[in-house]
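Asks: Could you look at this predicted model? Sequence included:
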Amino acid sequence: MKFLRFAIYPLIFISFLQYGMKLDKFTYKTWSKPNLDVYYHLPDVIDEDTEVIFIIHGNSRNADNYLETWIDRADDKNVALFAPHFKRSQFPSFNTLQMSTSKGVIRENRTLYLNNSIDELFVHIKSLFGLNDKKYNIYGHSAGAQFVHRYLLTSDSPAVDIAIAANAGWYTFLNGANFPYGIKNPPVSLNDSNVKKFLKTNLHILIGSKDTDVDSSVNQSEGAQKQGFNRFQRANNFFEYTESITQQNNLEFNWEFQIVPGVAHSNSKMSRAAALIFFDSN
């Protein structure tokens, strides 16, 4: 009987770890796009200093797991966390803001485009939860990092304070390649103002030093292959190219680049580095 008792307890403990955390969720309906489930976590007290962080999941679409990770990262911090769930059936190309496929085919249904979407959601949650923050922070990993940097480029005036794009699979370069690999022939209006705002944003490009595998999750299209062989090469090339054109054109450039040592394609590990950026900047 003693053996049975000790054998059962670990199972109960594991079950508690897996299912013990109940996450809050609401459904955002007041827009022209499909309903959007948003997982969230609030501090014990919301006051005028409460900050907002949006967390953008990867292609696994596990927004709930991403939020759980960030609840640990933001322990005892005065932050409200929001993790929208872009369901595959409704937003198959959320990484390109529903503007194209990952193979470069432009999507014609403009009503589904996700530029300006986070700012619309920001206005909604401020009203819903009585938040006062005038700006928000945003973090995305993998496909979520693709979402973040394209969102900053194609949205009108994103109210972003700090943005972090971690371990993106590929990028939209500020070059003459066709969208989504570059900014030629974009499906939305892009002008000098968009690009200058993009470059002025406090954007951190993070890449794990071991994110070098090339598997089925890495975009192998011709446009992506031109950016580098793997995620690590593509991140370095993206930042170096962008930095070079800002220097050549004397443009304001507020990005940072960080290689996270010993980390492969892991949201949980990259989020530790991201949390230091968000919380040590206060």
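Replies: Arrived safely, thanks for sending. Residues are numbered from 1 along each chain as shown.

Asks: quick one: the helices in the stretch 101-250 of the chain?
Replies: 117-129, 143-154, 192-200, 222-225, 231-248 (DSSP state H, counting those that start in this stretch).

Asks: Of all these, which one comes closest to N175?
Replies: Closest to N175 of the helices of the stretch 101-250 of the chain is helix 231-248 (C-beta to C-beta; 7.1 Å). Every residue, glycine included, has its C-beta placed from N, CA and C.

Asks: now that closest one and helix 143-154, what's the angle there?
Replies: On the basis of axes from the mean of the first three to the mean of the last three C-alpha atoms, to 10 degrees, helix 231-248 is oriented at 20 degrees to helix 143-154.

Asks: Next secondary structure element downstream of helix 231-248?
Replies: Next along the chain after helix 231-248, taking DSSP states H and E as the criterion, comes strand 256-260.

Asks: Who are the packing partners of the next helix or strand after that next one?
Replies: With elements assigned by DSSP H and E, the helix or strand that comes after strand 256-260 is helix 267-280. Under the contact definition 3 or more C-beta pairs under 8 Å, 6 or more residues apart in numbering; DSSP states H and E, helix 267-280 sits against helix 63-73, strand 136-141, strand 160-166, strand 202-208, strand 256-260.

Asks: related to what we said a few turns ago, between the helices of the stretch 101-250 of the chain, which one is nearest to V38?
Replies: Checking the helices of the stretch 101-250 of the chain against V38 by C-beta to C-beta gives helix 117-129 as the closest, at 7.1 Å.

Asks: quick check: angle from the closest one to strand 160-166?
Replies: On the basis of the same axes, to 10 degrees, helix 117-129 is oriented at 120 degrees to strand 160-166.

Asks: What's the mean pLDDT across helix 117-129?
Replies: The predicted model assigns helix 117-129 a mean pLDDT of 98.

Asks: quick one: contacts of it?
Replies: Applying C-beta atoms under 8 Å, 6 or more residues apart in numbering, the external contacts of helix 117-129 come out as 26, 28, 30-31, 33, 36, 38, 40, 42, 46, 52, 54, 80, 82, 84, 97, 131-133, 136, 138, 151, 155-159.

Asks: can you pull the alpha-carbon coordinates of it into PDB?
Replies: Taking C-alpha atoms only, helix 117-129 is exported to PDB below (Å, rounded to 0.1, in the frame of the first residue of the first chain):
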ATOM      1  CA  SER A 117      -5.400  45.100 -35.200                       C
ATOM      2  CA  ILE A 118      -3.400  45.200 -32.000                       C
ATOM      3  CA  ASP A 119      -4.100  48.900 -31.600                       C
ATOM      4  CA  GLU A 120      -7.800  48.300 -32.000                       C
ATOM      5  CA  LEU A 121      -7.600  45.600 -29.400                       C
ATOM      6  CA  PHE A 122      -5.600  47.900 -27.100                       C
ATOM      7  CA  VAL A 123      -8.400  50.500 -27.200                       C
ATOM      8  CA  HIS A 124     -10.900  47.800 -26.400                       C
ATOM      9  CA  ILE A 125      -9.000  46.300 -23.400                       C
ATOM     10  CA  LYS A 126      -8.300  49.700 -21.900                       C
ATOM     11  CA  SER A 127     -12.000  50.400 -21.800                       C
ATOM     12  CA  LEU A 128     -12.900  46.800 -20.700                       C
ATOM     13  CA  PHE A 129     -10.400  46.700 -17.800                       C
END
